[in-house]
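Chemist: sequence first, then the predicted structure:
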Amino acid sequence: MTDDAILQLYPHTATLPLKGLYLGHELRRLATQAPFVYANFVASLDGRIAIPDQEKGGMKVPPQIANERDWRLFQELAIQADLIITTGRYLRDYAAGKAQEILRVYDDPRFADLQAWRAAQGLPPQPDLVVISGSLDFPIPEALTHGGRRVLVVTHRKADPERVRALEAELGQVLTAGDEKVQGRAFVQLMGEMGYRFIYSAAGPQIAHMLLADGALDRLYLTQVCRILGGAPFSSIVEGPQLEVNLPLLRLYYDPHVFDAAGQLFACYGRREAVVI
């Protein structure tokens, strides 16, 4: 098997090219009544998605699992979206130089084909952004609004009115979806009313919990690198009160071409009624 190929394991076996793998899922063809919401994570075998950043502070994707092949697929998911979810916490880290660049889709020349793909679909150059925040304490980096890209803010009804007014002066309307915290289903319904059909969560485990707890996450993409990391603190794909949500396996792929042949699995889980195969 060549370096540009991976092995599909489920629902049937095949050898496929890595490039275009998630574009081939054709998310924008999925016919659903409500907006289609999907999320993506990369994790170690022991379920870790982040470790402490000893240099910059905060948490970061472990360099022991971050890799260019997974990053390519992250981009293929992002460019299919109308709207990308982020958080105030991420924007604070972004402004402080602590965060990985995940919101400026395909700025890298290596992803020029994805820019061409999006243009061929008649879509704006970049998906819009929505910031989910309770504190509303974050900056809006100018780099994220260039080219007419819209940035929305969603909070709850008990948010600080002074912060609401300040952000409205900078961005326009601040939206609410919940009384004391943002609720997943109310948020998705609100975005649907604003015309957004395909919503990609590039946010962390608390947003994943918000969406899952309300039955608002349609699909989960999970890259699992075949490495065990250990350590503390532990950060996994969902953080919050205990819940129980079924997400059946839809597709599974094996990529042997990373980390001295340790390999990684690309899994896709979700609601079967939303699938076009």
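Modeler: It's in.

Chemist: what ranges do the helices span in the chain?
Modeler: Secondary structure of the chain (DSSP state H): helices at 68-78, 88-95, 112-120, 161-171, 184-193, 205-213.

Chemist: who wins for proximity to V130 among those?
Modeler: When those are compared by Cβ to Cβ, helix 184-193 sits nearest V130, at 6.9 Å. Quick note: C-beta positions are derived from backbone N, CA and C, even for glycine.

Chemist: can you name the residues in contact with that closest one?
Modeler: Among residues not part of helix 184-193, those counted as contacts by Cβ atoms under 8 Å, 6 or more residues apart in numbering are 34-35, 37, 83, 130, 132, 154, 175, 177-178, 199, 210-217.

Chemist: likewise for stretch 169-182?
Modeler: 132, 134, 136, 140, 151-159, 164, 167-168, 183, 186-187, 189-190, 210.

Chemist: quick one: buried ones out of those?
Modeler: By neighbour count, with 16 or more other Cβ atoms under 10 Å, the contacts of stretch 169-182 hold 132, 134, 136, 140, 151-156, 159, 164, 167, 183, 186-187, 190, 210 as buried.

Chemist: quick one: stretch 251-268 to chain centroid distance?
Modeler: Going by Cα atoms, centre = their mean, to the nearest Å, the spacing between the C-alpha centre of stretch 251-268 and its chain's C-alpha centre is 19 Å.

Chemist: actually, stretch 255-270.
Modeler: Worked out by Cα atoms, centre = their mean, stretch 255-270 lies 18 Å from the chain centre.

Chemist: and it, how far apart are its ends?
Modeler: Taking Cα to Cα, to the nearest Å, the first and last residues of stretch 255-270 lie 21 Å apart.

Chemist: what comes up buried for it?
Modeler: By neighbour count on 16+ other Cβ under 10 Å, the buried set for stretch 255-270 is D255, H257, V258, G263, Q264, L265, F266, A267, C268, Y269, G270.

Chemist: contacting residues around the second one?
Modeler: The contact partners of H257, taken as Cβ under 8 Å, 6+ apart, are D3, I6, R69, G263.

Chemist: do you know how far G58 is from Q189?
Modeler: Distance of G58 to Q189, given as Cβ to Cβ, to the nearest Å: 32 Å.

Chemist: ok, R89 next?
Modeler: Using Cβ to Cβ, we find R89 at a distance of 24 Å from Q189.

Chemist: so what touches stretch 140-156?
Modeler: 83, 91, 94-95, 103-104, 124-126, 128-134, 136, 164, 167, 170-171, 174-182, 187, 190, 194.

Chemist: for the stretch 51-200 of the chain, which residues score under the pLDDT cut-off?
Modeler: In the predicted model of the stretch 51-200 of the chain, residues 96-107, 143, 146-147 satisfy pLDDT under 70.

Chemist: count of residues packed around the nearest residue to Y94 once chain neighbours are set aside?
Modeler: For Y94, the nearest residue in space outside its immediate sequence neighbours is P141; the separation is 6.0 Å by Cβ to Cβ, 6 or more residues apart in numbering. Counted with other Cβ atoms under 10 Å, residues neighbouring P141 total 14.

Chemist: no further queries at this time; thank you.
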